[in-house]
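> Provided below for reference: sequence and predicted model.
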Amino acid sequence: MPEQNQNQKKKKPITVGIEEFKDGLNQVVTESGLPPFLLEMLLGEYLTGVHQVAQQEYMEDRSQWEESCKESETNG
């Protein structure tokens, strides 16, 4: 079990995560058997959802960063 604990502590490089994501997505698309026009529609809807989550995350990060900057100026 010590090896498993070491693997849990290691953070996967983003480049590895990207390649795994692309491979997995390609496999799902290929195995779905859906025609391209449906894939385009479904992936477009999915991308819209991902975009909304990313925008929300950006706004939260920006707000936290601006608050941190204000605190730094006040404590300055």
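Cool, got the structure.
> mean confidence for the longest helix along the chain?
Longest helix of the chain, by residue count under DSSP state H: helix 36-75. In this model, helix 36-75 has a mean pLDDT of 95.
> Not counting the helix or strand where T30 lies itself, show me its contacts.
Under the assignment given by DSSP states H and E, the secondary-structure element containing T30 is helix 14-32. Applying CB atoms under 8 Å, 6 or more residues apart in numbering, the set of residues contacting helix 14-32 from outside is L39. Every C-beta, even on glycine, is put in place using the N, C-alpha and C of the backbone.
> Just want the angle from it to helix 36-75.
With axes from the mean of the first three to the mean of the last three CA atoms, to 10 degrees defining the directions, helix 14-32 sits at 150 degrees from helix 36-75.
> now helix 14-32, how far from the chain's geometric center?
On the basis of CA atoms, centre = their mean, to the nearest Å, the separation between the geometric centre of helix 14-32 and that of its chain is 13 Å.
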